[in-house]
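>>> next come a sequence and a model predicted from it.
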Amino acid sequence: MFCFQCQETAGGKGCTKSGVCGKKPDVAAMQDLLIYVTKGLSCVTERLRSEGQEVDKKVNHSVTVNLFTTITNANFDRDAIVSRIEETLRLKEELLARVKDASGLPEAASWKGTRDEFEAKAAKVGVLATSDEDIRSLRELVTYGLKGLAAYSKHANALLQDDEAVDAFIQRALASTLNDALTVDDLVALTLETGKYGVEGMALLDRANTGAYGNPEITKVEIGVRKNPGILISGHDLRDLEMLLEQTAGTGVDVYTHSEMLPAHYYPAFKKYPHFAGNYGNAWWKQKEEFASFHGPILMTTNCVVPPAESYKDRLWTTGAAGFPGCRHIDGAYGEVKDFSAIIAQAKTCPAPEEIERGSIVGGFAHEQVFALADKVVDAVKSGAIRKFVVMAGCDGRMKSREYYTEFADKLPKDVVILTAGCAKYRYNKLDLGDIGGIPRVLDAGQCNDSYSLALIALKLKEVFGLKDVNELPLAFNIAWYEQKAVIVLLALLYLGVKNIHLGPTLPAFLSPNVAGVLVKNFGIAGIGTVDEDLKLLIA
Ligand code: SF4
Ligand code: SF3
């Protein structure tokens with residue numbers, strides 16, 4: 001196997017024996033093949049579109065679910081991945097028959113192996129199949145960005161919202177990664193275009209979420225526990241949460257959020273459920289201890305799944321693109337109501353969660369809520385009460401080096417405000433950082449996809465202060481990344497013209513020295529240093 005798509009890749013170079021995340025070589029191989037056949041399918045749909053033929057939404061959804069399935073910590077279930085490969089090949093054959101002129105399509109468009117040939121084929125189509133280091137780097141950068149974009153699209157699709165332009169781009173870009181005629185310059189341009197569609201995809205999801213559940217508002221979220229049995233829901237899918245809240249109403253079972261599901265509490269629509277009890281635990285990587293002490297069932301709607309301990313494996317359920325062998329999976333097509341009754345029945349037999357924390361945290365600072373506070377914020381900046389904003393959005397991870405972010409937040413001067421989104425916030429959202437004239441010093445916009453809100457807030461501030469360029473704002477970027485959703489967030493920010501982003505705790509292994517050089521030269525991208533050095537650099 002060879003995988004270097006996440007920040008924790010072995011030795012900062014690539015996982016070759018087994019994944020640091022727990023992904024085994026046989027699963028990695030099937031993920032490689034799933035990406036390959038999805039690229040093949042995309043070559044066919046791109047051709048159909050260029051012939052003026054329509055591509056059905058179901059095909060778009062297949063592409064996005066396939067990509068999502070291969071995101072770090074989403075799906076470890078080999079059988080589920082093999083089924084997706086077979087389904088993709090079937091779909092591709094059906095569409096290929098409609099193509100009027102199939103000349104010049106790459107091999108991936110015509111390949112149709114059977115299950116017994118999958119291993120051998122997978123060995124030939126992984127990341128290392130591209131020999132030129134820079135072309136490989138750019139192809140992977142685009143592919144990982146598309147994985148993140150696909151994840152966000154899929155959540156919008158679950159709320160019956162689609163953007164054909166985003167789907168057509170995802171497929172065109174996937175097909176382009178198989179096009180040997182594209183040069184480094186072409187692929188750099190495609191990378192920026194991926195960022196453009198990243199903005200579109202996040203806007204789509206923002207419309208879908210706020211359209212269905214209202215605009216996030218300032219909310220205090222309890223982090224302690226109640227006395228009833230509970231179900232813990234994790235991941236990013238708000239539609240799954242809605243169905244679970246509906247089905248648990250009046251059953252005596254409480255629902256708690258975990259990790260990236262925390263921001264669900266900020267939406268008005270979910271406040272009507274008295275059994276929506278609070279948030280339990282921290283970022284994804286602490287789940288082994290926290291899922292054990294939760295005692296009740298856990299529903300993973302997306303990444304990040306950590307291979308479970310035997311002690312709670314029978315309480316871990318997956319749905320959507322998530323999966324783990326031996327854990328029960330709940331199916332359901334878009335628009336259908338999923339049946340969570342088995343999870344609820346299990347919860348009723350479990351003890352209540354064990355208290356691991358007490359108190360509350362405050363969030364809900366997505367775009368509309370911050371716009372509502374705009375006058376206060378602008379006054380605070382003008383009076384000097386707020387000297388600077390620092391965007392610390394992104395992912396958390398288990399590496400010790402991430403203690404940097406806790407220390408950085410803690411040591412920030414008291415007149416600096418943190419803007420955050422994603423699970424990166426767990427590194428500092430329980431520190432008591434106080435407020436500035438009633439404006440909390442940590443403004444949490446929501447999930448990683450809500451980084452879109454942070455971009456809108458920056459653009460709004462630029463407008464209010466009458467600036468030409470967003471880089472003239474008193475705003476610094478110190479972003480933490482782990483998986484591929486952070487890649488699309490980064491590309492989206494680059495597309496919006498944001499410069500001098502610091503990215504840590506390490507730069508991606510999939511950036512070749514030359515590609516990293518392009519990002520440094522054109523966008524001022526940098527890694528992180530020590531906390532004290534970076535405080536001087538970013539805040540002074
Ligand atoms: Fe390694 Fe990350 Fe790939 Fe897992 S997702 S195999 S940890 S690079
Ligand atoms: Fe976290 Fe996995 Fe990325 Fe959505 S839950 S930010 S790492």
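Perfect, I can see it now. Numbers count the residues shown, from 1 in each chain. Ligands and ions are numbered 1, 2, ... in the order given.

>>> pLDDT averaged over stretch 519-529 - what is it?
Averaging pLDDT along stretch 519-529 gives 97.

>>> start to end distance for it?
One end of stretch 519-529 sits 18 Å from the other (Cα to Cα, to the nearest Å).

>>> any idea how far it is from the middle of the chain?
22 Å (Cα atoms, centre = their mean, to the nearest Å).

>>> in that stretch, what's buried?
Leu519, Phe523, Ile525, Ala526, Ile528 (16 or more other Cβ atoms under 10 Å). For the C-beta atoms, the positions are set from N, CA and C on the backbone; glycine is no exception.

>>> how far away is the third one from Pro508?
Looking back up the chat, that one is Ile525. 10 Å (Cβ to Cβ, to the nearest Å).

>>> rewinding a little: which one of the buried residues of stretch 519-529 is nearest to Asp432?
Each of these was scored against Asp432 by Cβ to Cβ, and Ile528 proved nearest at 24.2 Å.

>>> list, one by one, the residues from this structure near ligand 2.
Residues of the chain lying near ligand 2 by Cβ under 6 Å from any ligand atom: 73, 236, 259-260, 284, 303-304, 395, 422-423, 447-448, 482-483, 485-486.

>>> quick one: which of these sit in helices?
Among the residues of the chain next to ligand 2, the ones falling in helices (DSSP state H) are Lys485, Ala486.

>>> scan the chain for its longest helix.
Every helix in the chain considered (DSSP H), the longest is helix 184-213.

>>> now for that one, which elements pack on it?
Secondary-structure packing of helix 184-213 (3 or more Cβ pairs under 8 Å, 6 or more residues apart in numbering; DSSP states H and E): helix 133-158, helix 164-176, helix 238-248, helix 451-464, helix 484-495.

>>> check the average confidence over that helix, would you?
For helix 184-213, the mean confidence score works out to 98.

>>> same check, this time on stretch 387-407
Regarding stretch 387-407, the rounded mean pLDDT is 98.

>>> specify the beta-bridge partners of Phe389.
Val417, Leu475 (DSSP bridges).

>>> for the stretch 101-250 of the chain, which residue gets nearest to ligand 2?
In the stretch 101-250 of the chain, the residue that lies nearest ligand 2 is His236 (5.9 Å; Cβ to the nearest ligand atom).

>>> next, count neighbours for that residue.
The number of residues packed near His236 is 28, by other Cβ atoms under 10 Å.

>>> hmm, it is touching Gln447, no?
Yes. Counting by Cβ atoms under 8 Å, His236 does reach Gln447; the two are 5.4 Å apart.

>>> anything in contact with each of these two?
Contact with both His236 and Gln447 is made by residues Glu260, according to Cβ atoms under 8 Å, 6 or more residues apart in numbering.

>>> quick revisit: in PyMOL, how would I select the buried members of the residues of the chain next to ligand 2?
Filtering the residues of the chain next to ligand 2 down to the buried ones (16+ other Cβ under 10 Å) takes a single PyMOL command:
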select buried, resi 73+236+259+260+284+303+304+395+422+423+447+448+482+483+485+486
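
>>> how about the nearest residue to Val487, chain neighbours excluded?
Once flanking residues are discounted, Val487 sits nearest to Tyr144: 4.4 Å by Cβ to Cβ, 6 or more residues apart in numbering.

>>> over to Lys100?
Glu51 (5.4 Å).

>>> re earlier: measure the residue nearest to Val487 to ligand 1 for me?
For Tyr144, the distance to ligand 1 equals 10 Å [Cβ to the nearest ligand atom, to the nearest Å].

>>> what's the first-to-last distance across stretch 497-515?
Where stretch 497-515 starts and where it finishes are 18 Å apart, if you go by Cα to Cα.

>>> can you report phi and psi for Thr219?
Taking degrees, to the nearest 10, you get phi -140, psi 140 for the backbone angles of Thr219.

>>> once you drop chain neighbours, what's closest to the residue of the stretch 1-150 of the chain found nearest ligand 2?
Nearest to ligand 2 in the stretch 1-150 of the chain, going by Cβ to the nearest ligand atom, is Asn73, at a distance of 5.9 Å. Leaving aside its sequence neighbours, Asn73 sits nearest to Cys304 (Cβ to Cβ, 6+ apart; 3.8 Å).

>>> show me the contacts for that neighbour.
Here Cys304 is in contact with Thr72, Asn73, Ala74, Ser234, Gly235, Ser259, Glu260, Trp284, Trp285, Gln287, Cys423, Glu483 (Cβ under 8 Å, 6+ apart).

>>> can you pull the phi/psi pair for it?
Per degrees, to the nearest 10, the backbone of Cys304 is at phi -110, psi 120.

>>> same check on the one 10 residues further on?
Dihedral angles of Asp314 (phi, psi; degrees, to the nearest 10) stand at phi -80, psi -10.

>>> tell me how many other residues surround it.
13.

>>> now swap in the one 4 residues further on and tell me
Other residues near Thr318 come to 24 when the count uses other Cβ under 10 Å.

>>> and the pLDDT for the residue in the stretch 201-350 of the chain that ligand 1 sits nearest to?
Closest to ligand 1 within the stretch 201-350 of the chain is Asn303: 9.8 Å, counting by Cβ to the nearest ligand atom. pLDDT, Asn303: 98.

>>> distance check, it against Gly145.
16 Å.

>>> need the residues of the chain near ligand 1, please.
Cys3, Phe4, Gln5, Cys6, Glu8, Thr9, Cys15, Gly19, Val20, Cys21, Lys23, Thr72.

>>> hmm, back to that, contact partners for the residue of the stretch 201-350 of the chain closest to ligand 1?
Ile71, Thr72, Asn73, Ala74, Gly235, His236, Trp284, Ala322, Glu483.

>>> do you know how far it is from Asn478?
23 Å.

>>> give me the pLDDT for the residue nearest the centre of the chain.
Closest residue to the average C-alpha location of the chain: Lys485 at 3.5 Å, with Cα atoms, centre = their mean. You'll see Lys485 listed with a pLDDT of 98.

>>> now Met30
For Met30, the model assigns a pLDDT of 98.

>>> can you tell me the closest non-neighbouring residue to it?
Ile81 (4.2 Å).

>>> same check on Arg78?
Val27 (5.0 Å).

>>> what is the helix or strand hosting that neighbour packed up against?
Applying DSSP states H and E as the criterion places Val27 in helix 25-50. Here helix 25-50 touches helix 57-69, helix 78-96, helix 107-110, helix 118-122, helix 164-176, going by 3+ Cβ pairs under 8 Å, 6+ apart.

>>> select, out of those, the one closest to Thr406.
Here helix 57-69 is closest among these (Cβ to Cβ), at 30.0 Å.

>>> who's in contact with the closest one?
31, 34-35, 38, 41-42, 45, 74-75, 80-81, 84, 87-88, 91, 95, 146-147, 150-151, 153-154, 157, 162, 164, 167, 170-171, 174, 302, 320-321, 323, 334.

>>> then stretch 316-328?
Contacts for stretch 316-328 (Cβ under 8 Å, 6+ apart): 65, 68-69, 71, 74-81, 151, 154, 158, 235, 237, 240, 291, 297-303, 305, 307-308, 313, 329-332, 338, 342-343.

>>> returning to that earlier point: ok, the residue nearest to Met30 - contacts?
Contacts of Ile81 by Cβ under 8 Å, 6+ apart are Val27, Met30, Gln31, Leu34, Thr69, Asn75, Gly323.

>>> I'm done for today, thanks for sticking with me.
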